[in-house]
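Student: Kindly generate the corresponding structure for this input.
(one chain, ligands or ions: 1)
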Amino acid sequence: MCATDAVATHYGSGTLLDRIAAGVERLGLPRHGLDPSALSGVGEFHIGGAAATERLFDQLDVPSGARVLDVGCGIGGTARHVAARTGARVTGIDLTGEFVATGKVLTDWCGMADRVTLIEGSALSMPFGTGDFDLAYMLHVGMNIADKTRLMAEVARVLKPGAVFAIYDVMRVAPGEIAYPVPWAAQPGISALASPHAYLDALTAAGFALVAQTDRTEFALDFFATLAARAAAADGPPPLGLHLVMGPSAPDMVANMARNIRAGLIAPVEMIVRRR
Ligand SMILES: C[S@@+](CC[C@H](N)C(=O)[O-])C[C@H]1O[C@@H](n2cnc3c(N)ncnc32)[C@H](O)[C@@H]1O
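Tutor: Next comes the predicted model:
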């Protein structure tokens with residue numbers, strides 16, 4: 001199995017839409033005219049979910065009508081969030097066909113298909129023209145992509161000169177043995193963790209200049225503590241939580257990610273760069 005197939009197999013289950021539809025029903029939500037924020041608990045697959053997206057976008061200037069690219073969009077929760085928050089037209093691309101198919105249905109349920117377009121494809125070879133986008137972001141995706149040089153060059157290609165690229169990825173910050181499974185990999189084979197330094201090297205080679213870099217370890221540990229407290233108080237995860245996306249290994253994946261972060265081996269890092 002090639003690396004991209006292995007990634008799509010890791011994330012796909014074949015039943016995600018049914019499980020989300022069941023959660024929507026349990027909450028008594030309408031399928032049509034759904035507020036995108038109602039789906040953020042299941043649709044924003046990165047540490048801190050919608051709150052992390054807010055923190056990142058508080059630092060970015062996104063004019064209404066801007067063309068924005070979501071690299072590795074998953075089921076499109078962040079794309080819908082960003083489109084609703086900014087008035088931008090967001091295009092998401094993702095390798096996992098099931099995520100894209102599910103995300104399109106959810107986008108329809110939210111009545112946002114005119115502003116959010118999701119397509120299946122690889123971030124390493126995107127079907128977009130040179131300079132098509134005003135801004136790009138990538139949340140918790142680089143951990144599955146070994147060729148950071150090609151990834152950053154491809155994002156640079158589709159951005160206009162002067163455009164911002166905002167990254168929020170889990171990065172390797174010290175040597176040591178990582179506990180698996182984690183949300184992006186059941187075993188080390190499809191994990192492509194890299195250091196902030198390696199990201200910056202690839203970004204610089206692609207023609208980006210660093211604007212800001214922030215380690216979000218404290219924020220992440222608070223988030224995990226809140227998740228655990230909520231789950232204990234409610235006697236289980238919420239009807240529309242990330243366990244629906246991660247599947248039966250979700251408790252181990254989350255526990256290992258928190259353990260690896262607490263051990264100082266990995267950290268969620270924001271990196272905002274600008275194309276020269
Ligand atoms: C942890 S999820 C994050 C999804 C989304 N960014 C979010 O925050 O909700 C990682 C995503 O990266 C996607 N991905 C991994 N490698 C990719 C690649 N080479 N091209 C496009 N998407 C990729 C996976 O399919 C998966 O949807």
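Student: Quick one: distance of stretch 239-252 to the chain centre.
Tutor: 15 Å (CA atoms, centre = their mean, to the nearest Å).
Student: May I have that stretch as CSV, with CA atoms only?
Tutor: Below are the C-alpha coordinates for stretch 239-252, written out as CSV (Å, rounded to 0.1, in the frame of the first residue of the first chain):
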residue,chain,number,x,y,z
PRO,A,239,-23.2,12.9,20.5
LEU,A,240,-21.2,14.9,18.0
GLY,A,241,-17.6,14.5,19.2
LEU,A,242,-14.3,13.6,17.6
HIS,A,243,-14.6,10.0,18.8
LEU,A,244,-17.0,9.6,15.8
VAL,A,245,-14.1,10.4,13.4
MET,A,246,-11.3,8.6,15.3
GLY,A,247,-13.3,5.4,15.9
PRO,A,248,-12.9,2.8,18.6
SER,A,249,-9.3,3.7,19.4
ALA,A,250,-10.2,7.3,20.2
PRO,A,251,-9.6,7.1,24.0
ASP,A,252,-6.1,5.6,23.4
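Student: ok, and for that stretch, which residues are buried?
Tutor: For stretch 239-252, the neighbour count (16 or more other CB atoms under 10 Å) marks 239, 240, 241, 242, 243, 244, 245, 246, 247, 250 as buried. C-betas here are computed from N, CA, C, even on glycine.
Student: Could I get the pLDDT score of the fourth one?
Tutor: Note on residue 242: pLDDT of 94.
Student: That one and the ligand, how far apart?
Tutor: Applying CB to the nearest ligand atom, to the nearest Å, the value for residue 242 to the ligand is 9 Å.
Student: quick one: that residue and residue 46 touch, right?
Tutor: No - with the criterion set as CB atoms under 8 Å, residue 242 and residue 46 do not qualify as a contacting pair; they are 9.4 Å apart.
Student: if we can go back for a sec, of all the buried residues of stretch 239-252, which comes closest to residue 194?
Tutor: residue 246 (22.3 Å; CB to CB).
Student: if I pick the closest one, what's in contact with it?
Tutor: 183, 253, 254 (CB atoms under 8 Å, 6 or more residues apart in numbering).
Student: Just those: which are in strands?
Tutor: With strands defined by DSSP state E, no entry of those lies inside them.
Student: Distance to the ligand for those residues - can I get that in TSV?
Tutor: What follows is the contacts of residue 246, written out as TSV (distance: CB to the nearest ligand atom, whole Å):
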residue	distance to the ligand
183	6
253	10
254	12
